[in-house]
Every structure is written in C-alpha cells, then in structure tokens.
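Undergrad: Here is a sequence together with a model predicted from it:
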Amino acid sequence: MGIFDALTTAVAGLQAQSFALQNISGNIANSQTAGYKEINTGFADLVSLAAQPQQNTNGVIAHSVATNTVQGSITSESVATDMAINGDGFFVVSQPTGFTDNQPVFSGVMDYTRAGDFQLNANGNLVNGAGYYLMGVPVDPITGNPLGSAPTVLQFNNSFVPAQETTQIQYQANLPATPPAMLNPSDFTSNPVAGAQIAGSGAAFAPDAVATGTGTVGGLSSSTALINGDVYTVSDGTNTTSFTAGATSTLANLMNAINTGTAKVSATLVGGQLVLAGTSPTASITVGGTAGVPASLGFAGANNNFQPTDLLTQGITAGQTLQVTVGGSPAQTITFGTGANQVATLAELDTAIQGLTGVVGSVDASGNINLTATNSINSIVVGGSANPALFGIQNTTALPAAGGVTGADLTTFNSESVDGGSITAYDALGNPVNIDFRWAKISSTTSGGTDAWQLFYQGNTTATGSQTAWQNSGQTFTFGPTGEMQPPLPGVTLSNLTVNGDSLGNVQMVFGNNGLTQFAVSGSTAQVSQLQQNGFAAGQLESVSVDSQNRVVGAFSNGQTIPLAEITLATFNGEDSLQALNGQAYAATPDSGPAILSATGKIVGSSLEASNVDIATQFSQLIVAQQAYSANARVMTTANQMIQSLLTVIQ
C-alpha cells in the first residue's frame, strides 16, 4: 500500500463518517415523529486482493441498519382515531395517485406504517399526517362478521345503520321466596294459566277393527242394486246402524247410511270390495240383517265379525313401554303385551290412557294419543322404550299453555304477582316497544307443592273487560330448596310477542347459568340484576374510534356503538429489509418478503407510538463520528505531508 492508497482510504473514512453523521442527524430530527424508526449505521472494511501475508486494509463502506422491529413507547392522546400498535405488525395503508371529483384515486399498491395519527377527512377516510389512507376489512354492522378478507381503503362517510328488531332479551333476577300473595286461578274470570297438552297426529295404525268383503258376489259398485225389503245391520259392539232397502236402493245408499249411522264404523269401496273400518279404538264390527245379506256384501259364513287389531303386529314389541310423567310425580308406565295388566290393542291402550292420573287422555281410531294435564302448572313428558311417534307424538314434552289475564282481572293480578322490570325493545322498523314483566307464584312448598313461578308480559296496556292484558309465557319455573332452578332452564321463547298491536315475532328470553334464583327474601318486586336486549332504532354515524379488538367502531345517534371495520395489520419475514418511504412508511422488497396479513399486534386506541430514537445514544454516536471524521482528516494531512516530502526529494 502506498501513500496515495492511504490518502484514498482516509477519503473513504471521511465519506463513511459523513454517512453516519447524516443518519444521526435524521434520527435526532425525527426524535418526536410518531412511529419513526431510527436508522443506525454499520461499517464494512475493504481489503486488498493480495496474498494473505501482503493483505492490508483498503478502505471502508457504510450502510444503514434499520430498527423496524424495535418498538417505541406508547403515549396516550386525546384524539379517538389515534392508534398505536402494541407488538408486531404495521398498518396497511395506501397513498392516492390523484383525485377525481374530489375523490382519491388509488393504484392498488399497499404500503405499511407504524404512524397511527389517523383522522377522518371530509370524505370519511382515515388519513395519517403523512397522507396515507388506512386500509382494512369492512364489517357487517348487524352480524359483526367481516365482509371479505382483502383489505380496502376504509371510508365511513354518512354511514347509516338500519333498525334491528329485538330477538333476544338477557334477563337475570332473584324472585322473592315469600311474595305478598300467590296466584289463585279461582280469583280470575278467565284462567291465566292452562294445562299442558300433547296432541298426537299422524299415527298410522290400522283401526282396531277392519272388515273387508271378499267380493265373491261378482264384484260390487256403488250402483249395485239391493234387494227390496232386505235389512242390513252393522254393529260396533255397542251401537247398531240398521238400513232397510227400498225398491231403488243401491250400495251407495247403504254406505251413506253406515257412514252417518250411530255405529262407529265407516264404509268405503275399494276395488269392488266393501271395506268397513272402526272409527273408535273400542269398536268391533259385526255385519248382519236379513238372511243372505252378509254374504251378498262379501261377508259369507263366519266372516262377519271382526275384533280389535293386535298392536303387537304393527310395530310394537311385547315388553316395550310408554311412560307418562306429569309434573313432579313419578312416571306412570304402560307395558305392551298379552299378559296381565298389559296392552295389546288400541282399545286396551285407550282404557290404559284413560286410567292415568294427572291427565285427561284418549286414543283415536288411528292410534293418536292425546293428553291434557288436569293441573295448570304441570308439564307432561312422554318416554319409554316404545317409539312415541308411532302414536303421533312428535314432541314428547309439553309445558303449561300460555293463558292470559283479562282487563277485568288487572287489580287481582297486580295483587297476586310481583314486578319483574321493564325494557324498551324495537320492532323491525325501529319503533320502540315497552315490555313490562310480572312474576306470579303458582305453587309453594309451604302449601305442600313445589316452589313454582310463571312469567307474564303486558301485551295490551289499555285492555278492558275480556280483552287480554297480560300474556303468560307458557313456562313453569320451579326452584329447589337451595333457591336455584330445578331443572335449570337457560331460556324461554316468547312466541309472537306483541305489545299494543306491535309484533316483535319470537323473542328469546335468555337467563344463562343460574340467571333466575329464588332466595330467602320477601317483597312485591323481583330483584332484577340484568335486563338487556339486542334491538335498536335506525341511527346516523356521529363519530368513530378504535377498540381493543383492532376494529374501527362507530358511535351512532341511536346510542349504539357498532363495529364498522377490522383494521388489517401486516407483518414480514424480513421486517428490517423493508424499503423506507417518505412519511414513516415502508414498501415491501424481495428481501423483506411479501406482506403477511395476520400480525399478532394489538391496536391501542387514543394513543400513538413514539419514535424509538434515544437522544442520549445519538449524541454519543455523534461524538464518535466527529472524532473518527477528524482522525481520517488527520490521516489525509499526514499523507499530504509525506507526499510533499517526497516531492522535495525529487527536486
């Protein structure tokens, strides 16, 4: 290495320290810039290409060192739309390429920044101090679900939220164990509570008795003539229908007489055969009359008497059971079979059903079971090993029906119930609907029963006379000795909830876990601890802010705070390799990799991330850079003196 090489190396040193000084200067200048990441300086030496023993230093180059992963401190601000990222990630932003009709035009290129000093502009965009527009994913204001996944430039100009109908009411309360009075149905002109009922339908059992003629008399038709004077009789075992043929009587006349007669038997004509079927589960069928009459109808010889059908041939297995539980009483069991106290026919089943306690029951000719509780507070549950659907029972649990309190009984009802609170709900158009609740205790352990309540809501505030004023929810709430519901009920549906003619449809009352209790208190009011609903009127956007879920939320004129958008946060595999842009923004590079739109950072609203520049460190680096610069200048002076000495020798 010669003197001139030393001079060149010193110049490289001066340039490197100048580069460092420039970074230090920029860091100090941006020490108060929100979201700014300091840029430090690294140095790399250059060596000659000579063999190892002759190698020597040949200069230095400087390069920038990013600190994009070093977070600055978070400071509180008074602007609701200021936001800071606590943790990993960058705001996804875009800068307009121009404006058309005062609306920004974007190229689709996404940039990234930690500068969160965003404010709403005249167009409803969130723009930071450097002119970058915030991007994110809009949110459905009704469901709260994102509308897509790709971030777009957010805009909240003149946002309007439509009315949301109330569909759910959150309710928690403690009912007084000793109310002033209990509900006494006999005090009312119309019963405010009604017994539970199970009405079977769709059972497909054949009637107990079915008689089908053989058609051996040449086949029959409705116009087949009957012999004048012949007497035809059809009996169900108790009642008998009798028909005497006239000169012009036909089979159609006979069938009409059977279908309208006293015997519980129907007549149809199928493929030239007369079919007689019992219309009662107790009906048997006997065909008689003038000699030769049964045979003329296809019921020859002994084929004129038909007994109830065996259920054990129609899907029921011997030993299977039906169990009926009424209220809190033990289950009552009906066992199918041919043994003692067992049931094999519909007639026997009808007798067994009628023998159940706590219900009025019956079975029709098709096997449909019908049950009605005799006590208005009792529920009915059907179980057992036999399939209840075979008897038309689709819903195996029936609760007390929703009776009502008439206008004539308002004074009585108010004295025999307790206040359950009130709430303003909203219909589909956003009209407010005030709902008042009252609780009535219908049974108590002190009187030998269970602690049971029913819930009422006021459906007509101006009801008089026989008009219904308060509607029963139709659910009985029972409480155990510890004051908790037994069984626990998470909620109940108020079917077609209507107040003063304004219908809300089906509204679900949600109690949650232990939401309803009956502890040892007395009084005329339920202690309501929660009463909220999910409806609201239409509203206009008044302001926006940022919540802890990385969402922009809007405050509306209807008092609702509703999420409007999810703010997208991006991260990179090589965050320190991002290309710095003006205004604390960055662009992706091949070394940084593409943006990964799933950063884990959390946004802090009404806050800003301060610059991560440490002034003390920068001053220390400034002194070092100054001394190094002076030393390189000294090398240049020394090299110059040596060159001057060399020139003197030459002279």
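TA: Sure, I can see it.

Undergrad: Quick one: low-confidence residue ranges for the stretch 501-650 of the chain.
TA: Filtered on pLDDT under 70, the stretch 501-650 of the chain yields the residue ranges 650.

Undergrad: try 50
TA: Counting by pLDDT under 50, the stretch 501-650 of the chain contains no low-confidence segment.

Undergrad: Helices of that one, start to end?
TA: With helices called from DSSP state H, counting those that start in this stretch, the stretch 501-650 of the chain shows them at 615-650.

Undergrad: how about the strands in it?
TA: 502-510, 516-517, 527-533, 539-546, 551-556, 561-567, 569-570, 579-581, 585-587, 602-605, 607-609 (DSSP state E, counting those that start in this stretch).

Undergrad: between these, which gets nearest to residue 263?
TA: Closest to residue 263 of the strands of the stretch 501-650 of the chain, according to CB to CB: strand 502-510, at 46.0 Å. To be clear about C-beta, it is placed using only N, CA and C from the backbone, and glycine gets the same treatment.

Undergrad: before we move on, what SS does the spatially most central residue of the chain have?
TA: With distances taken as CA atoms, centre = their mean, the residue of the chain nearest its centroid is residue 143 (9.2 Å). At residue 143 the chain is in coil, as set by DSSP: H, G, I helix; E, B strand; the rest coil.

Undergrad: From residue 562, how far off is it?
TA: To residue 562, residue 143 is 11 Å away according to CB to CB, to the nearest Å.

Undergrad: Likewise for residue 627?
TA: For residue 627, the distance to residue 562 - CB to CB - is 60 Å.

Undergrad: can you check residue 473 too?
TA: From residue 473 across to residue 562, the span is 30 Å (CB to CB).

Undergrad: Can you tell me which of the strands of the stretch 501-650 of the chain is most buried?
TA: Using mean count of other CB atoms under 10 Å, the stretch among the strands of the stretch 501-650 of the chain with the largest mean neighbour count is strand 569-570, at a mean of 25.

Undergrad: what lines up beside that one in the sheet?
TA: Sheet pairing of strand 569-570 (DSSP bridges) gives strand 90-94 (antiparallel).

Undergrad: what's in contact with the strand it pairs with?
TA: Contact with strand 90-94 is made by 83, 85, 106-116, 128, 132-136, 151, 153, 567-571, 585-586, 595, 597, 599, as judged by CB atoms under 8 Å, 6 or more residues apart in numbering.

Undergrad: How about stretch 475-488?
TA: By CB under 8 Å, 6+ apart, the surrounding residues in contact with stretch 475-488 are 175, 177, 328, 377-379, 399-400, 442, 445, 450-455, 489, 492, 513-514, 516-520.

Undergrad: Would you mind listing which of these are buried?
TA: Buried members of the contacts of stretch 475-488, counted by 16 or more other CB atoms under 10 Å: 175, 177, 377-379, 399-400, 442, 450-455, 492, 516-518.

Undergrad: Measure how buried the residue lying closest to residue 510 once chain neighbours are set aside is and give me the count.
TA: Spatial nearest neighbour of residue 510, excluding adjacent residues (CB to CB, 6 or more residues apart in numbering): residue 491 at 4.4 Å. Neighbour count for residue 491, taken as other CB atoms under 10 Å: 15.

Undergrad: Please apply the same query to the one 4 residues further on.
TA: Residues near residue 495, counting by other CB under 10 Å, number 13.

Undergrad: Distance-wise, check it relative to residue 421.
TA: Using CB to CB, we find residue 495 at a distance of 20 Å from residue 421.

Undergrad: Also residue 529?
TA: Relative to residue 421, and taking CB to CB, residue 529 is found at 10 Å.

Undergrad: Overlap of the contact sets of these two?
TA: Shared contacts of residue 529 and residue 421 (CB under 8 Å, 6+ apart): residue 173.

Undergrad: Is residue 343 in contact with residue 334, as I believe?
TA: Yes - assessed by CB atoms under 8 Å, residue 343 is found in contact with residue 334 at 5.8 Å.

Undergrad: Which neighbours do these two have in common?
TA: Taking CB under 8 Å, 6+ apart as the criterion, residue 343 and residue 334 both touch 349, 352.
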